[in-house]
Structures are given as structure tokens and as C-alpha cells.
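Chemist: I would like to see how this sequence folds:
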Amino acid sequence: MKRRSFLKGAAATGAIVATGFPHIWNKNMDLARAADGEIKVGVLFSLTGTTGIIEESLNKATLLAIEEINDAGGINGMRLVPIVEDPASDPATFAEKARKLVVGDKCVSVFGSYTSASRKAVLPVFERRDNLYWYPTLYEGRECSKNVIYTGAVPNQQQNEFIPWLVQNFGKKFYLIGSNYIYPKEENNYCKKMLESLGGEVVNEEYVPLGHSEFSSVINKIRSSEPNVIFSTVVGDSVVALHRQYRAAGLDPQKMPMASLTTSENEVAAMGGEAAAGHFTSAPYFMVHKSPENERFVAAYKRRWGDDKVTHFVSEPSYFQVHLFKQAVEQLAPSDITPPTIREAVKGQELMAPQGHIRVDPESLHTWLWPKIAMARADGQFEVLTSSSDWLLPEPYAAYPGQSCTEAGLVQK
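Modeler: Numbering: from 1, shown residues only. As a prediction, the model looks like this:
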């Protein structure tokens, strides 16, 4: 079977589930074997629903990495077989599909999730079965699971440089607007702590439902409270609505910009460059980053999925985490490939990713990353304004002094 036909069919229909491929992870979850030179992995990103706007690109980046690995001969000669599921932006469906992938399909790892709500929904499945979930999204921290490999940024990796930069360049009055779930609330908790240390203030803090599209009342409150910065943790297609309505209201990003942790090239492409221009994002990766690794990644992504497609700060870890998986599994004999052995092998793994040299922290299973601050341009891309001088340690409990994530688990000092 041609590789492109194979992957296209898997992504579009999930028909691969019914083909009866032998599996590597046996029913009793205590032995493993490489059957017919294949390793089954799950791909669990929403292709439909409110976060489908962003998650379909994570699915594409994951499949691209799998395809690259297979084209180069696989992992010690074994092909990766992706089992693709669409949880449709619904946490309950995420949990249902995760059980299918882990219990029914016997996948040795699953790559998936964008929202923390969906990650929290699947977490009991992976902890109960001692399987591995690879989570590529920037998130709020305050989690220390030995069954998740976290490759996205945590609050200290997005805000430690961003908040002081915003205060210095625009002022100390912040309006906090986010989607109504754990990630925005925890990010805002960290933001408020940083603002307090800088003598800043929060003029309002507001949350809207996932998928929310009517921001006229929010715009009116912003106009009346006159903040220096609108700090946004709105996600999904709500990002598009917020930016368009901000622009339609005649607000000026030079005087009152939106500073986001969640607005990437993908959302900018959906809203149009003019609606995004002049606003700011903090993230470890932007498509315009200059490096040989990124040039290869962008070129491969466009070649595989279309010249009009963009890469962004969640598709990039979706891509590199599959290559981290490969590096870990390469160290194992076929008979030893199980989720627990993969977890041990990935600790301390380093990789030259598109954003720079990254490393999986062996204590927390979070990733050392390269923070950057960028401004959106009218052409749909970003201009990187600042880049960290070194990779930054992930601190998932930075907002909670006295707590830390170690190999032994969560430690209270």
C-alpha cells in the first residue's frame, strides 16, 4: 500500500481500526512483542467541533512525523501504524476514544489533545492502564502524571518574559479574558501573581464558554475600563470572533493590544491578517523562526498538506514529540517495547526541534523550551521581537511555591 494512500485513509475514515493489524502491546498489559514489524500508536485530535480549527493541524503534524519515520525505514525496521480517532472536541468522547485506543487497539502510546479539559478526561485511562499520553499543548501546569509526556509550554515558559515586557512597553492595567475552563484560569492566576510583583493591576477578569462568538459586551467593558493590555486566553474559533469584533469596534492595538498565549498562525489564517495585525503572542515557536530544522519542517508540512497551510506553536511539538518517541523506542528491543519502558527511555532525551534544542526533563516529564515574543503582521505571519538566550526549565508548579514535580511524584516542601 502506498504510504500516502494509507495515511489519507486512516485520517479520513479511521478504517485502519478494522484492518486487524497485529499489535505490539498484549491484552494483559504485562508483555510486549513486535508483530509483523509494526508498532501501533493512537492519534487523538479533534477533526470536528469547536477546537477542530486548531486540532486538525496537530493531527496533520503528527501524521507527517509518522510518515517521515516510516519513509526512513521505521524504528529499528518496524513501521509505525497510526490509529486515528476524532473525539469531536468533546471531553467525554476523548475518554471513550482513549479507552478504545489503549484497551481495544493496544496502542503503546497515544498522541493527542489540545484543551486541558480533554487531557483531564483521558488521564484516568492512561493512569489506570499505565499507558503513555503525549500532550503537545501549552498548558497551565499543576499536574505531575507519570503517564503523560508534556511537550508544550507551561506558564513560566510563556509568561516570565512576556508580562514584564508588556508592562514595560504598554502599562500596568490588564483586562483578562479567557475561555471558561482550567487552562485560562490557571494562566490568569500566574499572570496576576506576576502583575502583583510588578505593581500592576487587573481591571477585570472574565470567562466565556468554549465556542463563544458574541463579544460585544466584552468589547464594551474593555472600552469603558481602558486597560493598557487585553490579556487573552480565549481558544479555538472564539479567537477568530474576538479579534474580528475588536477590529470592527475600532479599537487600536498600538494603544490597547491583545496579548495572547493562544493565538497562533493557525487562528490568524482563519481570521485574516488584518484582524490580527499589531497584537502579540508569547510561545516557544513561530513559523518564521530561522533554523535549518524549521525550514525543513515548514517545507515538508506544506509539501504534504498544501502550500496554504501554516505551522504553529502547537503543531511543532505535535511533530517533534513523535520523533522523541522514535528516539526512545530505538533504545529498546522489540520484545521490550511497552509504555513503561518507553517512559524510562524518553527521560532526558534531547532533540534539535524546529524551535531549537529541546530536552525532556527526567524529573517532571515536561520539556525544556525556547520562549519567544512576537507581533502578528497583516500578511498572516509573526515578527519575532525577542527570543530567550537559553532554553528554559519547565516549572509546572511555578505558581505554587513549595510544590514540585519529581520522579517520585508531587513533592510538598
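Chemist: any weak-confidence spans in this protein?
Modeler: 1-36 (pLDDT under 70).
Chemist: residue 305 contacts residue 60, doesn't it?
Modeler: Yes: at 5.1 Å, residue 305 counts as touching residue 60 under the criterion of C-beta atoms under 8 Å. C-beta here means a position set from N, CA and C on the backbone, and glycine is covered the same way.
Chemist: return the set of buried residues in the lengthiest helix in the chain.
Modeler: The longest helix of the chain (DSSP state H) is helix 52-71. By neighbour count on 16 or more other C-beta atoms under 10 Å, the buried set for helix 52-71 is 52-70.
Chemist: ok now it, how far from the chain's centre?
Modeler: Offset of helix 52-71 from its chain centre (C-alpha atoms, centre = their mean, to the nearest Å): 13 Å.
Chemist: need the next SSE after it, C-terminal direction.
Modeler: Where DSSP states H and E defines the elements, the next helix or strand beyond helix 52-71 is strand 79-85.
Chemist: okay, the angle between that next one and helix 52-71?
Modeler: Strand 79-85 runs at 160 degrees relative to helix 52-71, counting by axes from the mean of the first three to the mean of the last three C-alpha atoms, to 10 degrees.
Chemist: pull the CA atoms of strand 79-85 into CSV?
Modeler: Output of strand 79-85 as CSV, limited to C-alpha atoms (Å, rounded to 0.1, in the frame of the first residue of the first chain):
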residue,chain,number,x,y,z
ARG,A,79,6.7,0.6,10.9
LEU,A,80,4.6,2.9,12.9
VAL,A,81,0.9,2.3,12.4
PRO,A,82,-1.3,5.3,13.3
ILE,A,83,-4.9,4.6,14.6
VAL,A,84,-6.7,7.9,14.0
GLU,A,85,-9.8,8.9,16.0
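Chemist: helix or strand right after it?
Modeler: helix 91-99.
Chemist: what's next to that next one, contact-wise?
Modeler: Contact with helix 91-99 is made by 42, 44, 85-87, 110, 112-113, 115, 117-118, 120-122, 124-126, 133, as judged by C-beta atoms under 8 Å, 6 or more residues apart in numbering.
Chemist: run the last query once more with 10 Å
Modeler: 14, 42, 44-46, 49, 83-88, 90, 104-105, 107, 110, 112-113, 115-126, 128-129, 131, 133, 181 (C-beta atoms under 10 Å, 6 or more residues apart in numbering).
Chemist: what subset of the residues you listed is buried?
Modeler: Among these, the ones that count as buried by 16+ other C-beta under 10 Å are 14, 42, 44-46, 49, 83-88, 90, 105, 107, 110, 112-113, 115-123, 125-126, 129, 131, 133, 181.
Chemist: so which of these sit within strands?
Modeler: 42, 44, 83, 84, 85, 110, 112, 133 (DSSP state E).
Chemist: pairing partners for the closest residue to residue 105 other than its chain neighbours in the sheet, please.
Modeler: Spatially, and ignoring its direct neighbours in sequence, residue 105 is nearest to residue 83 (5.0 Å; C-beta to C-beta, 6 or more residues apart in numbering). Note on residue 83: beta-bridge partners by DSSP bridges are residue 42.
Chemist: residue 83 and residue 405, how far apart?
Modeler: 30 Å (C-beta to C-beta, to the nearest Å).
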